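Q: show me how the following folds:
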Amino acid sequence: MSDALIDSLTAAVQARPDDLPLRLHLAELLVSAGRGGEAIAHAAQVLAREPGNTTAQQLMTRSLKPEKTAEEPKNPAGHVDWAAFEEQLGDVVPPRFARADGEPDPVRGHADRTFDIERSTITLADVGGMAEVKKRLEVSFLGPLRNPKLRSLFGKSLRGGLLLYGPPGCGKTFLARAVAGEMGASFISLSITDVLNMWIGSSERNLHDLFESARGHAPCVLFLDEIDALGHKRSQLQSSMRTVVNQLLTELDGVDGGNDGVFVLAATNAPWDVDAALRRPGRLDRTLLVLPPDGPARSAILEYHLRDRPVAGIDLAQIAAATEHYSGADLAHLCETAAEYAMRDSIATGEVRMINQPDMLAAVREVRPSTDAWFSTARNVAMFANESGEYDDLAAYLKKRKVR
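A: Numbering: from 1, shown residues only. Sure thing, here's the model as predicted:
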């Protein structure tokens, strides 16, 4: 093989790095010339852009095969030296799980992948406030699920998804678990760390395995947390991450109704960073704003976080009125801070005392609402990037709240 030809093709590929057929031709010549290491680099570049490219996969396999030398003894026909394989690969690919013979895989899909399939014990009755959110959930999914004849009459499908957005700490994850508990359905929670992998094609496979697991356990609530990280706008991503977003779009579409009985709930603090294709009909086609808890909800949250603590003389209504715009997480931190005040005094005096109203009011002065920063960002979006009207509910809330 002429080195001059390879050098010319290498220069051409450098000038046109996105010309995949040219890159594959160069990789083929490199393999034939015994330059497998260089061929691997070019095949990997092709797979980064097209994970399913069979030619690149075959070239990768050929490049990784060691050349047999004349001195190497030939294996007898049909003989496999497993001991030699283990010695060569034992430190490279250690076993992830060990199962007894005949033990079935915990989920459908690849044998080395497992997902936590939960059964939620909480329901919407355990969610304080959020009346509008509960109403939307009832109409879009829970009602049709409970009334199959009515669902059939109106041709209502159980597929589709709901995108929950709002400031952090306002109960989006808790709400998703409550939906699963209300349905008596399986619950699977996914974060970006469950998907992303350094190896080419592995992230897409992980995503496919997860959806296969959800389909195999239908009815199932599949919760995609921080969807803006997994489904970020493709125009702002590198090619390797764009393929992950493409895989997510494919899985949300399903094949021949394959997602029936899988209700996808996604949550984000930054819906404006989510790829627009994820919000098309049949995917995450409904959007719901999850706001900080209202007065009754704040009272319920405060009572929940104080229920196992020694308290006396606390006016929940007064504390709830003083904590407007606080998130659920802020209220939990407020109760923790009040407990620290009482515990500190108990240690200093040597006499245990209860958590009282002054402790709670002092905690209110110390703990400030964390939602203010989010609403400052959201205001710009509602005012200057709301041509489609998708943030009308946010704009109405900001107007009512008079955020400047």
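Q: identify each buried residue in the helix or strand harbouring residue 39, please.
A: Using DSSP states H and E, residue 39 maps to helix 36-49. By neighbour count on 16 or more other C-beta atoms under 10 Å, the buried set for helix 36-49 is 36, 38-40, 42-43, 45-49. Every residue, glycine included, has its C-beta placed from N, CA and C.
Q: mind checking what helix or strand follows it in sequence?
A: Next element after helix 36-49 (DSSP H and E): helix 54-64.
Q: pLDDT on that next one, on average?
A: The average pLDDT for helix 54-64 rounds to 77.
Q: alpha carbons of it, as CSV, please.
A: This file holds the C-alpha atoms of helix 54-64, laid out as CSV (Å, rounded to 0.1, in the frame of the first residue of the first chain):
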residue,chain,number,x,y,z
THR,A,54,-21.9,-0.8,10.4
THR,A,55,-18.8,-0.2,8.2
ALA,A,56,-17.1,1.8,10.9
GLN,A,57,-18.0,-0.9,13.5
GLN,A,58,-16.5,-3.6,11.2
LEU,A,59,-13.3,-1.6,10.7
MET,A,60,-13.0,-1.1,14.4
THR,A,61,-13.3,-4.8,15.0
ARG,A,62,-10.7,-5.6,12.3
SER,A,63,-8.3,-3.0,13.7
LEU,A,64,-8.5,-4.5,17.2
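Q: how about it, which residues are buried there?
A: By neighbour count on 16+ other C-beta under 10 Å, the buried set for helix 54-64 is 55-57, 59-60, 62-63.
Q: what is it packed up against?
A: Applying 3 or more C-beta pairs under 8 Å, 6 or more residues apart in numbering; DSSP states H and E, one finds that helix 54-64 makes contact with helix 20-32, helix 36-49.
Q: so where is this protein shaky, pLDDT-wise?
A: 1-2, 48, 64-115, 158-160, 239-240, 255-258, 402-404 (pLDDT under 70).
Q: how does it divide into domains?
A: 3-60, 118-289, 295-366, 371-401 (automatic domain parsing).
Q: so what's the residue count around the closest residue to residue 16 other than its chain neighbours?
A: Nearest non-adjacent residue to residue 16, counting by C-beta to C-beta, 6 or more residues apart in numbering: residue 22, 6.4 Å away. By other C-beta atoms under 10 Å, 16 other residues sit near residue 22.
Q: from residue 222, how far off is residue 124?
A: Using C-beta to C-beta, to the nearest Å, one gets 18 Å for the distance from residue 124 to residue 222.
Q: what about those two, which has more around it?
A: The neighbour count for residue 124 versus residue 222, taken as other C-beta under 10 Å, is higher for residue 222 (29 against 16).
Q: which residues touch the more buried one?
A: Applying C-beta atoms under 8 Å, 6 or more residues apart in numbering to residue 222 gives the contacts 188, 190, 210-211, 214, 262-265.
Q: just the buried residues out of those, in ChimeraX syntax.
A: Remark: buried members of the contacts of residue 222, expressed as a ChimeraX selection using 16+ other C-beta under 10 Å:
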select :188,190,210,211,214,262,263,264,265
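Q: what would the contacts of residue 222 look like in a markdown table with distance to residue 350 and secondary structure?
A: Putting these into a markdown table (distance: C-beta to C-beta, whole Å; DSSP: H, G, I helix; E, B strand; the rest coil) gives the following:
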| residue | distance to residue 350 | secondary structure |
| --- | --- | --- |
| 188 | 50 | strand |
| 190 | 50 | strand |
| 210 | 55 | helix |
| 211 | 59 | helix |
| 214 | 56 | helix |
| 262 | 58 | strand |
| 263 | 55 | strand |
| 264 | 55 | strand |
| 265 | 50 | strand |
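Q: next, count neighbours for the residue nearest to residue 241 when sequence neighbours are not counted.
A: Residue nearest to residue 241 in three dimensions, not counting chain neighbours: residue 232, with 7.2 Å by C-beta to C-beta, 6+ apart. Neighbourhood size, residue 232 [other C-beta under 10 Å]: 20.
Q: was I right about residue 232 contacting residue 275?
A: Yes: applying C-beta atoms under 8 Å, one finds residue 232 in contact with residue 275, separated by 6.5 Å.
Q: what do those two both touch?
A: residue 245.
Q: who's in contact with the residue nearest to residue 38 when sequence neighbours are not counted?
A: Spatial nearest neighbour of residue 38, chain neighbours left out: residue 30 (4.8 Å); criterion: C-beta to C-beta, 6+ apart. By C-beta under 8 Å, 6+ apart, the contact list for residue 30 reads 6, 36, 38-39, 42, 63.
Q: got JSON lines for the residues you listed, with distance to residue 315 too?
A: Output for those, formatted as JSON lines (distance: C-beta to C-beta, whole Å):
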{"residue": "6", "distance to residue 315": "81"}
{"residue": "36", "distance to residue 315": "75"}
{"residue": "38", "distance to residue 315": "74"}
{"residue": "39", "distance to residue 315": "74"}
{"residue": "42", "distance to residue 315": "71"}
{"residue": "63", "distance to residue 315": "73"}
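Q: returning to what we had before: make TSV out of the contacts of residue 222 and add distance to residue 157.
A: TSV is the format used below for the contacts of residue 222 (distance: C-beta to C-beta, whole Å):
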residue	distance to residue 157
188	20
190	22
210	21
211	17
214	16
262	11
263	11
264	13
265	16
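Q: if I look at the residue nearest to residue 38, how far off is residue 61?
A: 14 Å.
Q: ditto for residue 246
A: In terms of C-beta to C-beta, residue 246 sits 24 Å off from residue 61.
Q: likewise residue 277?
A: In terms of C-beta to C-beta, residue 277 sits 33 Å off from residue 61.
Q: same thing with residue 270?
A: Residue 270 is 41 Å from residue 61, by C-beta to C-beta.
Q: just residue 339 next, same as before
A: For residue 339 relative to residue 61 (C-beta to C-beta), the value is 61 Å.
Q: check residue 301 too.
A: From residue 301 to residue 61 the distance is 57 Å (C-beta to C-beta).
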